[in-house]
Every structure is written in structure tokens, then in C-alpha cells.
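# Fold the following and give me the result.
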Amino acid sequence: MNIHIFNTLHKNNVSNILIINEDMQLLGISLAFKQYFGANYTAEIADLNVLFSAEIIEKIARMKLICDKRGTSIELEVKPFQDVEIVFDIIMQKVPYQYGFSYQMEWKEYVSKRSDTNEILLAENKLLRDNQKELIALNQTLSDKLAAQQTLITQLSLQNNVHNRAEQDDFASISAEKIKSKNELLESQKRLQLALDAGNLGIWDWDIETNEVVYNKRWIEMLGYEVSEISPNVDAFFALVHPEDAILMNELVQKNLKNEIPYFEIELRLKGKDGEYHWIYDRGMVVSRDETGKPLRAAGIHVYINDQKQASAALVKSEQKFRNIFHFNSIGIVLSDKKGTIIDANPKIMELLGYNLAELRNLRPIDFSHPDDLQQERILSREMIEQGKDYFQMEKRYIRKDKKIIWINFSLTIIRGADKQLQMAIALMEDITEKKLQEEKLKEQNATLIKINEELNHFVYRTSHDLRAPLTSLMGLVQITEIANNEAERNKYLGMMTRQLHYLDGVIKEIIDYRKVSAGEVSISEISLAENIHNVMLHYQFLPNYALIQQSVEIEQDVPFYSDEVKINIILNNLISNAIKYSDKLKENPFLKINVQVDTEKAVITLKDNGIGIAEEHLPSIFNMFFRATVQQNGTGLGLYIVNEALSKLKANIAVSSKIHEGSCFVLTIPNTNPVRV
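Residues are numbered from 1 along each chain as shown. Prediction:
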């Protein structure tokens, strides 16, 4: 029984195999084919009408007929469905059922088997050619021997009247030997014919003196001709030879005629009756020469190798297609053996990992995998093998040769042998580092938005309270002042109103600062830190306790300092005002020391005081929105939060040390962002 392999190659280069018998019944389809048709396919379907249109089935039937007649592969390109943009490269090949195709058989496995078959055919053809050579030599020997016997018989016949009875007995003996030799020759020719028939060989016999050529039936049939359609001369033969092969063919024949080579052999194309050129293996030699060495007769064989040539060309084409996909793919591809050793890798992998092919062949994929991803990969690999699966996918990290870490979308497909055991693995690796960075950026942005939203809600609630409280107090004080009986009492209430207005002004100022820090972009310019600190100190000279605080400012600066002046002023305003407001009135010598050191990389600003200090348990929370570490002074709890946000915008940092009743020290490290250097 023969079956037909109907291979469709999808435009994404996935091979789908359909198997039908000689009665056009569906025997099975590959797993990839099944996935394309989904619910429309069941294992019991034996009707092509379920899968294809009438037009496609008609083309398949025509292809099958051609395969049955010629025993060859057929290719065509069709669009099976009107509503699906799929183009198939269809290959129909008639093969023996002994190959035992399974429903999930890989096309590569079929090509491998077909390749093995070609090798067997070539080996068989070589054996037949060697046998033919021996038979031709034996035939020539017997022919020479028979000719000698015939000459001897003729001589004996002429001398018959003068020879005695004993000589006649010798003649009879010789005649018996002649008959025996003739019988041996006939038996040898019979064996030769059987060998030729078994090998499906075409035979040609060329009488060089008359230029006539005799062909056997198979020689003529393999080209599709009838005996009467081939002229029995060597010129008619050369008229069939492809122009590209004629020169070499003639050159080899001439060398053999001149005895420069013992025989000639060539693969050439001969024109068939169908107008197409067919590949033929031709081997021949001069089998008879006269006493001067002049060639008299030559003979040889033809073997039809067109199918092997087409199969070989299809295999080369298929392999070239694979190599193109392999080498020019934008996704990295790695082939490894069952031990995990890398066999081959495409250029994209070398670009991704920074290794050359020789280096990769001395590594295994786990050698450049990130250690934190190995456990998950082992789990997925174990599940795949234990559950009989052939594929798994994960996102993982690889460590490049230059130690940079990249993110890879990794998928592994394993190839099993006939014993279902792992033979090799194909890994596809897509660089998703940029995608991962974008995802992390989106996560950070989302977290920032959530934080801003939460802070905004909290901010609105607290600021509305902080704004409403002094306004309510002011309204009450106005009413009391209106009914006051004397000037002293009214002045008292006016002073209380003033304090509430100052508090209200402070709240509004912090709201403005918060808006500037949270929404404003960083604007770099050259800043005079000495001038900014001096202006801030002057701004707070009217605060209570200002005159009691000993102030010292030391600045070490030989290079310009560049940063965002608005944010620097907000930071200095908050820290200096806090040092003044929270000074310790009980100390004899309250102080505020400011030290500034500037170099080309950064500015380090240290603010140290001996004020009331901050309790150790409050230090982790002082930069939180609306956190207040003391109730000794009115405040919104926004100041240090705004300082921290401003420093974050400048990519700066702050360190705090403080003890209750001893004082506090704030150390700021702010980058010197020179626009020219950046």
C-alpha cells in the first residue's frame, strides 16, 4: 500500500502535514495542521471536504494522479480559504506506507527518511554499475573466446579431407567445447539481462564505425519515447542532451575513445517526449578495439535519477530556507543537544549575549542565566519532560559577556526521537529589555501617581483645616474686638489677630512651596549660595528669638554652583526657619551654624543648632506629610516634607542626627549640575 504526503508550508514557515491514501481518504494530519483547523477537526474525519474547498480537493487529486504516474514530488501555491490570508506551498510525495507516519510526525523526520532512501538507492545503483562492468568484461571475454573457437573450427573444416580419424575425433571434441562455450555465453547473457532488468537500467551499444546505436526498451521508456521515435545513431542521442551538458559529455567520450581514461561517467540531462529535461546517470566505455587500438565498439548503461535529483534539490531548497530563517531572524535561536551543549546559534544570539560562536559552544544556556531565574526554569523544564510536553515559555534574565543584564522572552521546544526520548532542543530568545524597562517605568509612574493622589487627598483635608482654623479664630476675634470697652483690650485682640494672620500666611506659603516642588520642572542656573543664605536670614530677622541666636556662616567655594534656585531657596527657608522657631530659650548661648563646601561634583550644606532637638523615635517620620515632632510651636507639618520632595527632584539627599534638648544637624548633599559638563 502506498500513501501520499501532502505538505503545506504556512507563510510563517510552519510545516503542516496531511496524509491520504490512494483512494483520497484522509489517514491523519500533523499536530500543527490540527491546530489551524481547531474544532473543525476530529481524529475520525476521513473526508477532505471537511477541510478544503472543492477547488483545492480537485488540485490535490490532480497532484495525486501525477505522483502515481511519475512517482515524483509536485509543488504548487494556493490560497485554500477566501476569508483567511494563508498561502501554502504544497508538496505531494508518494511514499511506501512502511514509513508509518504518525499524526504528529515532523516534516523534518520525513525529509530525513527520504534522504536515507536516496542514499540506499545511490548505493544500489553503484553496486549495479559495478556488476554491469564485470558482466560486460565477462561478455567480451566469452565473445573473444567464441571468435577464436569459430576460427579454429573453420581451419579444421578446410583440412577435413587430409586429416585422419584421430583428427576428426579432435574436431568433434572442439565442436563440443564450442557448444559448451556458446551455452555459457547464452547463460551469461541471460544473467546479464536479468541483472539489467532488476536494476531498471537502460542499455546502449554503439557501433563506432557505422555510428549506429542500439538501445534497449528501458533506455527508451525512461524518456517517455516509443522505439520508433528514437533514431538509432549517435547524433540523435546528442540532440537530446541538454546544451549545458553536451560539451562535457563529448569531452569525456573523446577521452575514452582515445584511451586516455578507462571509462566515462556523467550525470546529464536528456530531453524527454514531454519536452522536459530528465536527469540521467550515464556510464560507458570502449569494449572493442582493433590491433592498432582503434575503437570499434562502445557500450554503457543509463540510470534514471530525476527523482533523486528533484528530492535533493527540494532538500537543498528546504535547508536553504531554514538557514535563511535561522541566520536572518530578529529573534535569537540556539540549537543544543540532549545534554544542553550548544550546537549552533544564529548571529542575533551573539549580538544579544556578546559571545562568538566558538565561545558559545563551550557554554550551556544555564552558564549565562541569571541565578535568580534558574529555579523557575528547572521547575518548568521538569514539568515539561514529566508531562510529555514539548514546549515551555518564560521571561528570564541573561548575563551578557560584559556582565550587563538583559531580559529575554525565552521559549524552549524539544525534539524527540522514535523512542520518545529527548534528542535536541531549540530555544528562541527575544530581547524584551526595553519592554521591561518601560514596564518598570510605568510601575514607578503608577506608584508615584498613587502616592500623589493619596498625598493630595491628605493635603486637601489638612490644609482646609489649617486654613479654616485661623479664619474662624479671626472671625471670633473681630467680633470680640467690636465690643471691647477700651483701647488696651482692643490692642490685645489685634495682636492675636496678627498672629493668626501670620500663621495663615505661613500655611499659604507652604502650599505655594508644595505646588512649586511637586509640579515644577527642574531649572538649572548658577546660584550664589552665600547670597541666598543671607537673604533667607534677613527674611526671618523679625521672628521671636532671632536676635538671641548666635549665627555663623562658613562657605568654601572655588567653583560655580549650578542647581534649581527656587528649590534651593525653599530648602534653605524651611531649615533655617525651623532652627529659629525651635531654638531652646533656656540655653544661654543658642546658635545656628551653617557650613557650605562646594566642588565641581557637589555642594555639601551643613546646618547645626542647639535647639530643642527631635526625639529619636520621631526621626524616621519627620519627612512625612503633616508630621509634627513637637507641639511647642504652631506648624502645618509640611515643611520637612517639602524639603525632602525638593531634594528628590534635585537627586540630592539629606542626613539627620538629633537628640532631644541637645539640638539637631542636617547635612545636605546636592549635585553640582553644570549644564556644560552635563
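# Pro560 reaches Asn674, doesn't it?
Yes. When contacts are counted by CB atoms under 8 Å, Pro560 is listed as touching Asn674 (7.3 Å). Using the backbone N, CA and C atoms, a C-beta is placed for each residue, glycine as well.
# more neighbours, those two?
More crowded of Pro560 and Asn674, by other CB atoms under 10 Å: Asn674, with 16 against 12.
# Can you classify that one as helix, strand or coil?
Secondary structure for Asn674, judged by DSSP: H, G, I helix; E, B strand; the rest coil, is coil.
# and it, how far is that from Thr600?
Going from Asn674 to Thr600 by CB to CB, to the nearest Å gives 7 Å.
# Look up the residues forming beta bridges with the nearest residue to Val214 once chain neighbours are set aside.
Leaving aside its sequence neighbours, Val214 sits nearest to Asp205 (CB to CB, 6 or more residues apart in numbering; 4.5 Å). In this entry, Asp205 is beta-bridged to Val214, Ala299, by DSSP bridges.
# My guess is Asp205 contacts Leu296. True?
No. Under the criterion of CB under 8 Å, Asp205 is not in contact with Leu296, lying 11.7 Å apart.
# Low-confidence regions, the stretch 101-250 of the chain specifically.
Within the stretch 101-250 of the chain, the segments meeting pLDDT under 70 span 101-200.
# And for Phe410, the neighbour number?
Phe410 - counted by other CB under 10 Å - has 24 other residues nearby.
# Tell me if I'm right that it and Ser381 touch.
No. Taking contacts as CB under 8 Å, Phe410 lies outside contact range of Ser381: 11.1 Å.
# tally of neighbours for His497?
That one is not His; residue 497 is Met. 18.
# Helix or strand: which one has the residue lying closest to it once chain neighbours are set aside?
Using CB to CB, 6+ apart and skipping the chain neighbours, the partner closest in space to Met497 is Leu477 (4.9 Å). Applying DSSP states H and E as the criterion places Leu477 in helix 433-482.
# tell me which element Glu645 is part of?
In this assignment (DSSP H and E), Glu645 forms part of helix 639-649.
# In that helix, which of the residues would be classed as buried?
Neighbour counts over helix 639-649 (16 or more other CB atoms under 10 Å) mark 639-647 as buried.
# likewise stretch 431-449?
Buried positions in stretch 431-449, judged by neighbour count with 16+ other CB under 10 Å: 431-432, 436.
# tell me which of those is nearest to Asp372?
Within the buried residues of stretch 431-449, proximity to Asp372 (CB to CB) peaks at Lys436, which comes in at 14.1 Å.
# Pairing partners for the closest residue in space to the closest one that isn't next to it in sequence in the sheet, please.
Excluding the flanking residues, the one nearest Lys436 by CB to CB, 6+ apart is Trp407, at 4.2 Å. Beta-bridge partners recorded for Trp407 (DSSP bridges): Arg397.
# From Arg397, how far out is Trp407?
In terms of CB to CB, Trp407 sits 6 Å off from Arg397.
# What is the burial count for Arg453?
Let me fix one detail, which is that residue 453 is Asn and not Arg. Applying other CB under 10 Å, we find 10 residues neighbouring Asn453.
# again with Ile408
When neighbours are counted by other CB under 10 Å, Ile408 comes out with 24.
# ok, it touching Met429?
Yes. Taking contacts as CB under 8 Å, Ile408 lies within contact range of Met429: 4.8 Å.
# Now list whatever residues contact both of the two.
Listed as contacting both Ile408 and Met429 by CB atoms under 8 Å, 6 or more residues apart in numbering are 332, 352, 398.
# Now Tyr281: phi and psi?
For Tyr281, the backbone dihedrals are phi -90, psi 120 (criterion: degrees, to the nearest 10).
# Neighbours of it, how many?
By other CB under 10 Å, 21 other residues sit near Tyr281.
# Then Lys348?
By other CB under 10 Å, 20 other residues sit near Lys348.
# tell me the pLDDT at it?
Lys348 is assigned 89 on the pLDDT scale.
# picking that back up, closest to Ile305 among the buried residues of stretch 431-449?
When those are compared for distance to Ile305 (CB to CB), Asp431 wins out at 46.8 Å.
# For that closest one, which residues are in contact?
Counting by CB under 8 Å, 6+ apart, Asp431 touches 332, 352, 406-408.
# Greatest separation within those residues: which pair is it?
Maximum pairwise distance in the contacts of Asp431, criterion CB to CB, is 12.8 Å, between Gly332 and Trp407.
# neighbour-wise, which of the two wins?
Gly332 (22 against 19).
# Tell me the bridge partners for the more buried one.
In beta-bridge terms (that is, DSSP bridges), Gly332 pairs with Met429.
# Give me the residues contacting whichever helix or strand comes after the helix holding Glu645.
With elements assigned by DSSP H and E, the helix or strand that comes after helix 639-649 is strand 653-659. Contact with strand 653-659 is made by 613-614, 616, 619, 622, 643-644, 647, 664-669, as judged by CB under 8 Å, 6+ apart.
# quick one: average pLDDT of stretch 413-422?
Averaging pLDDT along stretch 413-422 gives 81.
# list the buried ones in that stretch?
Residues of stretch 413-422 classed as buried by neighbour count (16+ other CB under 10 Å): 414, 422.
# Mutual contacts of Phe410 and Ser381, please.
Shared contacts of Phe410 and Ser381 (CB under 8 Å, 6+ apart): none.
# So which residues of the stretch 451-600 of the chain form strands?
525-527, 550-557, 561-563, 591-598 (DSSP state E, counting those that start in this stretch).
# Ok, which of those comes nearest Ile660?
Closest among the strands of the stretch 451-600 of the chain, once you apply CB to CB, is strand 591-598, at 17.5 Å.
# hang on, the earlier thing: got the CA positions of the helix holding Glu645 in CSV?
Coordinates of the C-alpha atoms in helix 639-649 are reproduced here as CSV (Å, rounded to 0.1, in the frame of the first residue of the first chain):
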residue,chain,number,x,y,z
GLY,A,639,8.0,72.0,55.9
LEU,A,640,10.3,69.0,56.1
TYR,A,641,8.1,67.0,53.7
ILE,A,642,8.6,69.8,51.1
VAL,A,643,12.3,69.8,51.8
ASN,A,644,12.6,66.1,51.1
GLU,A,645,10.5,66.4,47.9
ALA,A,646,12.7,69.2,46.6
LEU,A,647,15.8,67.3,47.3
SER,A,648,14.4,64.3,45.5
LYS,A,649,13.8,66.5,42.4
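# Check which helices and strands it is in contact with.
Contact here means 3 or more CB pairs under 8 Å, 6 or more residues apart in numbering; DSSP states H and E; on that basis helix 639-649 packs against helix 487-519, helix 565-581, strand 653-659.
# most packed of the ones you listed?
Greatest average neighbour count among the helices and strands packed on helix 639-649 goes to helix 565-581 (a mean of 21), per mean count of other CB atoms under 10 Å.
# Extract the C-alpha set from that one and format it as PDB.
C-alpha atoms of helix 565-581 as PDB (Å, rounded to 0.1, in the frame of the first residue of the first chain):
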ATOM      1  CA  GLU A 565      17.500  78.300  42.700                       C
ATOM      2  CA  VAL A 566      13.700  78.100  43.500                       C
ATOM      3  CA  LYS A 567      14.100  74.700  45.100                       C
ATOM      4  CA  ILE A 568      17.300  75.600  46.900                       C
ATOM      5  CA  ASN A 569      15.600  78.700  48.400                       C
ATOM      6  CA  ILE A 570      12.600  76.500  49.600                       C
ATOM      7  CA  ILE A 571      15.000  74.100  51.200                       C
ATOM      8  CA  LEU A 572      17.000  76.800  53.000                       C
ATOM      9  CA  ASN A 573      13.900  78.700  54.100                       C
ATOM     10  CA  ASN A 574      12.400  75.700  55.800                       C
ATOM     11  CA  LEU A 575      15.500  74.500  57.500                       C
ATOM     12  CA  ILE A 576      16.700  78.000  58.700                       C
ATOM     13  CA  SER A 577      13.200  79.000  59.900                       C
ATOM     14  CA  ASN A 578      12.900  75.700  61.800                       C
ATOM     15  CA  ALA A 579      16.200  76.300  63.500                       C
ATOM     16  CA  ILE A 580      15.000  79.800  64.600                       C
ATOM     17  CA  LYS A 581      11.500  78.700  65.600                       C
END
